[in-house]
Every structure is written in C-alpha cells, then in structure tokens.
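model this:
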Amino acid sequence: SLLAEMAPELGPDTVVISVAAGISIARLQAAVAGRCPVVRCMPNTPALVGKGVFALCFDDPALKPADKERVLRLFADLGVCVELPEARMTAFSALVGAGPAYVFQMMQGLVQAGVTQGFSWAQSRELVAALFEGCACMARREKTPLMEMRDNVCSPAGLTIAGVNVLDRAGLSGLLVDAVLAAEQRGREMETK
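Numbers count the residues shown, from 1 in each chain. You can find the predicted model right below:
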C-alpha cells in the first residue's frame, strides 16, 4: 500500500529496492504500476557492522544494467552481495537472512557454559566472539571440508572429542537443518498471503 501511494512520484530513473520478505517482484511491479524497475534484496543483520550478506534479485526486465551496477555498489559497501533468481530468495532468507539468530543462539550457549565454568559474562562473551570470528576466517580461507577442520581439533581420547560426541548424539547438525527448513516453510507461507 505504501508503494501504491508513492507510485505517482516514481519515474523511470527511480529504482525501488525492497527488503520485505515474501513480497515478489510481480507484486512490487504491480504496486509501482510499472513506473520504475524494482529489485528484491534480502540482507542480514551483520550489515550493521559492514559484514552483511545480501541476496539481490534483479529479475525485473525493466532494470537497466547501469542501475544494477549502482545497486551492487551500494550494498557491496555493507558486505558480500550475491545475485539470485527470485526462486532462491526464500531459501536464502531462511539460511542467511535468519542465520544470525542461529549463530547468536549457539554463541549464547557457549557464553553460558563459560560463565558456568567461572568466567565473567563479559570475558566469556569476548572469548566466544573471538572464537566465532577466528573460525569464520578459517572457513572462508581454507578449502578443507568443515568436518575435517572439526576433526583436526579432536585429539584421540581428548576433551574435544568428548564434547563433539555430545553434540553428535544431540543431533546439532540435524537441528540446524530443521531450523532452516522450518524458516523456509514459513517464508513460503508468507509468499502466498
């Protein structure tokens, strides 16, 4: 409804960029009455610190190549941009758009464990944040499979493998997959409204 109100002010030099989950290119085009091209964007919250991941959907045929480049430059200053067809936007939203919630939940569990061990809340949080930052850097730089990277930390009969065994028995990987798939299902439901 907001775009419908704005439509008379929109022209061919305008590009409307929507970060609204579940709102299709077709619905956006209808809302602007074809007066300007539209782009779908799904960000995630690390954009607040310049480390976001953005899915950009440029499926509107009215979008000029120069406008596409402008949009890419705009979001590239805030993180990593990937171009996706509209059919992949909901999957991206469930995995990467919602992903910070999953990561922060894992971080919170580790912070709680640190406090339980006697670290202060602030110290535990700083240690866990540095842990995730370091692991993320390794995961991006190295091509080694993630499970191999995990196994490289586990010494035979050591403390790490004891902890990993607990996570495996609890099905942590399966829980993460289930969380992403549940989010994707909810996103698909939102698209039909």
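
okay, CA-based contacts and neighbour counts for the rest of this
Noted.

Quickly note the distance from the nearest residue to residue 183 once chain neighbours are set aside to residue 189.
Excluding its sequence neighbours, the residue lying closest to residue 183 (CA to CA, 6 or more residues apart in numbering) is residue 94, at 5.0 Å. According to CA to CA, to the nearest Å, residue 94 stands 12 Å off from residue 189.

number of nearby residues for the residue nearest to residue 183?
Residues lying near residue 94 (other CA atoms under 10 Å) number 19.

residues in contact with it?
Contacts for residue 94 (CA atoms under 8 Å, 6 or more residues apart in numbering) come out as 180, 181, 183, 184, 187.

Quick check: the second one is in a helix.
It refers to residue 181. Yes - according to DSSP: H, G, I helix; E, B strand; the rest coil, residue 181 belongs to a helix.

and it, how many neighbours?
By other CA under 10 Å, 15 other residues sit near residue 181.

Show the pLDDT at it.
Note for residue 181: predicted pLDDT of 96.

For it, list the residues it contacts.
residue 94.

from here on, count from 15
I'll keep to 15 as the first residue from here, and by that count the last item is residue 195.

how close does it sit to residue 59?
Residue 195 sits at a distance of 20 Å from residue 59 (criterion: CA to CA).

got it, and the third one?
Counting by CA to CA, the gap between residue 197 and residue 59 amounts to 16 Å.

For this protein, which segments count as strands?
Secondary structure of the chain (DSSP state E): strands at 30-32, 52-56, 66-71, 93-97.

Show me just the buried residues among the contacts of residue 108.
Taking 16 or more other CA atoms under 10 Å as the criterion, what is buried in those is 194, 197, 198, 201.

so what's the third one closest to, chain neighbours aside?
The spatially closest residue to residue 198, leaving aside those adjacent along the chain, is residue 108, at 4.9 Å (CA to CA, 6+ apart).

quick one on the thing from earlier: what score does the residue nearest to residue 197 have for pLDDT?
So residue 108 comes in at 96 (pLDDT).

try residue 207
In this prediction residue 207 is given a pLDDT of 66.
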